[in-house]
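Peer 1: curious how this folds, go ahead:
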Amino acid sequence: MKLSILIPVFNERIVLETSVQQVLRAHLPEQMERELIMVDDCSTDGTWEILRRLAGAHPEIRLYRHEKNQGKGAAIRTAIKHATGDFCLVQDADLEYDPNEYPLLLKPLLDGRADAVFGSRYRGSERTRILPFWHSKMNAALTLISNMFSNLNLTDMETCYKVFRTDLLKSIPIRSDRFGFEPEITMKASKRKLRIYEVPISYHGRSYEEGKKINWKDGVQALSTILRFWLIDDLYTAPYGRLLLNNLSGTPQYLRWIGDQVTPYLGDAVLELRAGTGHLSSRLMAKRLRYVVSDKDPLMLHALENRFLRTPNVQVAAIDPGDPESFEAFSGAFDSVVCLNVLEFESDPAATLKAIAGVLHPGARVVVLVPYKKTLFGSIDKPLGHLRRFERRELAAMMAEAGLRPVAVREFNRVGSLSWLAYGRILRRRRVAKVTLKLFDKSVWLWRRLDRLMPWPGLSLIVAAELDVDAARPRPPEGKAAPDLVASSS
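Peer 2: Numbers count the residues shown, from 1 in each chain. Now for the predicted structure:
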């Protein structure tokens, strides 16, 4: 295993060499390597020359430089980009924090209990330098406010020592350039529901005469950062599709509407494909004896494991809807499959439906939700990764080939198709604004009552289909069309 030690540096020529030597000599758990990713934030006091000499003498050091001073957060952002270890630890270039405490910080991560560990200067360490009263009170106040908005119970939000699993840290966008990094990463770790542990550390704080750089202005910035990222869900570095997934988590009424369409067709043993962060799963898994949530994205699998860690009837599985072999371990194991917003991402949706049929026993059901009407395909679909929108007859043919017989069909969310048409085909927008989603969610109570009365097509098509007792029934004769889903509408 490898630890990436991220070290932002700015004008630290007095203490730099001693600090780096301490980091290089610090004890690490057995068979763990280290790399020092040092980012000089345009130092002007000779720090860069010292760094180049140290990097030449120690191959563990990887050195980068900003041509313009940007701040601690920007330097950490650069360091994260170049990290190759299993874990990332933030280390200031001064002598305030003790690298000999790395094993203490890493233990919850190595035990598999934590995704992030914060070192607390206020949890009763045996050695802590007494700090100026008002500086300590400002830290305590910012931690309290951060806890109020993040719903965490930290004792030291502003601590430098934060250790993360690298894959998770790389997936979180860092926007703050200065000391706002601390409240930003704390708020985002909370919203991502990472398992955060806190361990006591020693602290040897510097005075401003000794080179301390943070001041009251950074306290004001920290407060604004807390409020900003409480309001904004900027949680993934992945493309827009991931952002929409997170935005939908803030539309509970819409998710309840979808859940109400799906629940009547579910049995006791259910598989959900592309469960994402599990927001809909938590509504569907109640009263099921076995509910398997699946995804192919390691970050989503991690989120699902955290969410359902103590839910005995829920199991997490890695299944790629585009890879039939990933279904084989579950052959005939389910009486229901939930396949919502899956087929539009697959290059061969017919093969996915066949794979779904393989995990059902005869008479079992699958509930499919797909984007409806090819004429609505536009500038929003493409950033989401949609390869297609479906027509009824096209989906009916794929289901017939897989041995699935529709028992209920519904066009869903007709008011949404108007917005999709306006945003994607007329205005050529690449996303639906979050405020629009919020307003829509607040009015779902009305739209769900009017949905069947609107005379135009829905945004989505929901089909509940049953696996035929004879799943291998013959296909329609050559030249004869597959049955239209209209015939089974309800």
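
Peer 1: for the longest strand along the chain, packing partners?
Peer 2: The strand that spans the most residues within the chain, counting by DSSP state E, is strand 360-371. The contact analysis (3 or more Cβ pairs under 8 Å, 6 or more residues apart in numbering; DSSP states H and E) places strand 360-371 against helix 252-262, strand 334-340, helix 349-358, strand 404-412, strand 460-467. Yep, even glycine has a C-beta here, placed from its N, CA and C like the rest.

Peer 1: mean neighbour count and distance to residue 431 for those - can I get that in CSV?
Peer 2: Shown next, in CSV, are the helices and strands packed on strand 360-371 (neighbours: other Cβ atoms under 10 Å; distance: least, Cβ to Cβ, whole Å):
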stretch, mean neighbour count, distance to residue 431
helix 252-262, 17, 16
strand 334-340, 24, 20
helix 349-358, 22, 24
strand 404-412, 19, 21
strand 460-467, 24, 18
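
Peer 1: so how far is residue 183 from the residue lying closest to residue 25 once chain neighbours are set aside?
Peer 2: By the measure of Cβ to Cβ, 6 or more residues apart in numbering, the closest residue to residue 25 outside its immediate chain neighbours is residue 99, 7.8 Å from it. In this view, residue 99 and residue 183 are 24 Å apart by Cβ to Cβ, to the nearest Å.

Peer 1: between the two, which has more neighbouring residues?
Peer 2: For residue 99 versus residue 183, neighbours defined as other Cβ atoms under 10 Å are more numerous around residue 183 (28 against 22).

Peer 1: close enough to count as contact, that one and residue 157?
Peer 2: Yes - judged on Cβ atoms under 8 Å, residue 183 makes contact with residue 157 at a distance of 6.3 Å.

Peer 1: buried stuff in stretch 98-107?
Peer 2: 98-99, 101-102, 104-106 (16 or more other Cβ atoms under 10 Å).

Peer 1: looking at the residues you listed, which are in strands?
Peer 2: Per DSSP E, the subset of the buried residues of stretch 98-107 in strands is empty.

Peer 1: wait, residue 412 sits on residue 451?
Peer 2: Yes - the criterion here is Cβ under 8 Å, and residue 412 meets it with residue 451 at 7.2 Å.

Peer 1: and for these two, which residues touch both?
Peer 2: Shared contacts of residue 412 and residue 451 (Cβ atoms under 8 Å, 6 or more residues apart in numbering): residue 458.

Peer 1: who touches residue 194 in this structure?
Peer 2: Residue 194 neighbours (Cβ under 8 Å, 6+ apart): 115-116, 164, 168, 306.

Peer 1: repeat that with 10 Å
Peer 2: Applying Cβ atoms under 10 Å, 6 or more residues apart in numbering to residue 194 gives the contacts 114-116, 164-165, 168-169, 172, 185, 188, 302-303, 306.

Peer 1: between those, which is nearest residue 144?
Peer 2: residue 185 (17.7 Å; Cβ to Cβ).

Peer 1: for the closest one, grab phi and psi.
Peer 2: Backbone torsions of residue 185, given as degrees, to the nearest 10, read phi -70, psi -30.

Peer 1: follow-up on the earlier one: so what's the residue nearest to residue 25 up against?
Peer 2: By Cβ under 10 Å, 6+ apart, the neighbours of residue 99 are 5, 19-28, 34, 89, 91, 105, 161.

Peer 1: distance of it relative to residue 373?
Peer 2: In terms of Cβ to Cβ, residue 99 sits 60 Å off from residue 373.

Peer 1: average pLDDT for stretch 355-367?
Peer 2: Computed over stretch 355-367, the mean pLDDT rounds to 94.

Peer 1: now that stretch: how far from the chain's centre is it?
Peer 2: In terms of Cα atoms, centre = their mean, to the nearest Å, the gap separating the centre of stretch 355-367 from the centre of its chain is 30 Å.

Peer 1: returning to that earlier point: show the pLDDT at the residue nearest to residue 25.
Peer 2: Residue 99 carries a pLDDT value of 95.

Peer 1: could you find the closest non-adjacent residue to residue 410?
Peer 2: In space, residue 410 is closest to residue 462, 4.8 Å off (Cβ to Cβ, 6+ apart).

Peer 1: now swap in residue 101 and tell me
Peer 2: residue 201 is the one closest to residue 101 (Cβ to Cβ, 6+ apart), at 5.2 Å.

Peer 1: the one you found touches residue 162, doesn't it?
Peer 2: No - using Cβ atoms under 10 Å, residue 201 is not in contact with residue 162, being 11.1 Å away.

Peer 1: what sits in contact with each of these two?
Peer 2: 105, 118-119.

Peer 1: for those, give me CSV that also has pLDDT.
Peer 2: Shown next, in CSV, are these (pLDDT from 0 to 100):
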residue, pLDDT
105, 96
118, 97
119, 95
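
Peer 1: nearest to residue 433 among the residues you listed?
Peer 2: Distances from residue 433 to the shared contacts of residue 201 and residue 162, taken by Cβ to Cβ, are shortest for residue 118, at 34.2 Å.

Peer 1: confirm that the closest one sits in a strand.
Peer 2: Yes - assigned with DSSP: H, G, I helix; E, B strand; the rest coil, residue 118 falls within a strand.

Peer 1: list the residues that contact the residue nearest to residue 101.
Peer 2: So residue 201 contacts 97-98, 101, 104-105, 118-123, 125, 127-128, 156, 159-161 (Cβ under 10 Å, 6+ apart).

Peer 1: try 7 Å this time
Peer 2: 97, 101, 119-121, 125, 161 (Cβ atoms under 7 Å, 6 or more residues apart in numbering).

Peer 1: circling back: format the helices and strands packed on strand 360-371 as CSV; extra columns: distance to residue 273.
Peer 2: Listed next are the helices and strands packed on strand 360-371 as CSV, based on distance: least, Cβ to Cβ, whole Å:
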stretch, distance to residue 273
helix 252-262, 13
strand 334-340, 5
helix 349-358, 8
strand 404-412, 15
strand 460-467, 14
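
Peer 1: mean pLDDT per helix and strand in the protein: which one sits at the bottom?
Peer 2: Lowest mean confidence among the helices and strands of the chain (mean pLDDT, DSSP states H and E): helix 240-248, at a mean of 56.

Peer 1: domain assignment for this structure?
Peer 2: 2-231, 240-488 (automatic domain parsing).

Peer 1: so how far is the shortest one from its chain's centroid?
Peer 2: Yep, that's domain 2-231 we're talking about. 22 Å.

Peer 1: try the last one
Peer 2: Here domain 240-488 is found 20 Å from its chain centre; the criterion is Cα atoms, centre = their mean.

Peer 1: which stretches of the stretch 51-200 of the chain aren't confidently modelled?
Peer 2: Applying pLDDT under 70 to the stretch 51-200 of the chain flags the ranges 125-131.

Peer 1: check contacts around the nearest residue to residue 221 once chain neighbours are set aside.
Peer 2: Excluding the flanking residues, the one nearest residue 221 by Cβ to Cβ, 6+ apart is residue 180, at 5.3 Å. Neighbouring residues of residue 180 by Cβ under 7 Å, 6+ apart: 73, 221-222, 225.
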